[in-house]
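Trainee: 3D, please:
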Amino acid sequence: MAKKGTMKGANNAGLKDQRKLLASNKKVRHDYDVLDTYEAGIQLVGGEVKSLRDAKVQLKDSYARVERGEMYLLGMHISPYVYAIGFGSFHPERPRKLLLNRREIDELDEKMSIDHLSVLPLSIYFRDGLVKVELALAKGRKRHDKRDAIGDRDAKRDLDRTLAQARKGRPLRV
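Mentor: Next up is the predicted model:
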């Protein structure tokens, strides 16, 4: 018998990963060189989940840090749920525990301390009904590196556009 939520056979080939994007941090890819990405679960209270379903979240100045052998996401703002009072209420920018394997936490902690790298959230999304955070192990860029990256991206875009025109049989613009 197959596990719950999995499908066997060719029927599964056409399905793509079901993600509902809640928020993304595009500034990370501009300001940092992303070396590796990780997917982590996040420990939330009920009111936070309901706020996330309404996409009331900001990742702007958030980052992850290892404290007492556990990974925490700091600075992420989840707006309070309107109907949560008393037990269901929460502080909008409280530290939230990330759910990673011990091996992954140790690896990230070592890279952060030795290589002076940062762990930043790229996006937060629902996958199969669970809230997931995509984390980036990243190295900061200098100002001239950012300019070089923009120039490289523009050159690649121009090259792709020219090749697409050539494939369609249109005359090339120079």
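Trainee: what helix or strand is Ile105 on?
Mentor: helix 102-114 (DSSP states H and E).
Trainee: that helix - contacts with which helices or strands?
Mentor: Other elements packing on helix 102-114 under the criterion 3 or more Cβ pairs under 8 Å, 6 or more residues apart in numbering; DSSP states H and E are strand 63-67, strand 70-74, strand 118-127. Glycine gets a C-beta too; all of them are placed from N, C-alpha and C.
Trainee: between these, which one is nearest to Ala155?
Mentor: Ranking the helices and strands packed on helix 102-114 by proximity to Ala155 (Cβ to Cβ) places strand 118-127 first, at 24.4 Å.
Trainee: give me the angle between that closest one and strand 70-74.
Mentor: Relative orientation of strand 118-127 and strand 70-74, computed by axes from the mean of the first three to the mean of the last three Cα atoms, to 10 degrees: 80 degrees.
Trainee: counting neighbours, what do you get for Asp31?
Mentor: Neighbouring residues of Asp31 were enumerated by other Cβ atoms under 10 Å; the total is 15.
Trainee: distance of it relative to Ser118?
Mentor: When Cβ to Cβ, to the nearest Å is the yardstick, Asp31 and Ser118 sit 10 Å from each other.
Trainee: what sits in contact with each of the two?
Mentor: Both Asp31 and Ser118 are contacted by Gly140, under the criterion Cβ atoms under 8 Å, 6 or more residues apart in numbering.
Trainee: in stretch 33-40, what's buried?
Mentor: Within stretch 33-40, the residues scored as buried using 16 or more other Cβ atoms under 10 Å are 38, 40.
Trainee: list of residues touching that stretch?
Mentor: Counting contacts by Cβ under 8 Å, 6+ apart, the residues outside stretch 33-40 that touch it are 28, 71, 98-100, 104, 108, 117, 122, 132-141, 145.
Trainee: spit out the contact partners of Lys27.
Mentor: Under the criterion of Cβ under 8 Å, 6+ apart, the contact list for Lys27 reads Lys60.
Trainee: helices or strands up against the longest helix seen in the chain?
Mentor: Taking residue count as the measure and DSSP state H as the definition, the longest helix of the chain comes out as helix 143-167. Packing partners of helix 143-167 (3+ Cβ pairs under 8 Å, 6+ apart): helix 26-31.
Trainee: direction included, what does the next helix-or-strand element following the helix it packs on pair up with?
Mentor: Following helix 26-31 in sequence order, the next helix or strand is strand 32-42 (DSSP H and E). Using DSSP bridges, the strands paired with strand 32-42 are strand 96-99 (antiparallel), strand 130-140 (antiparallel).
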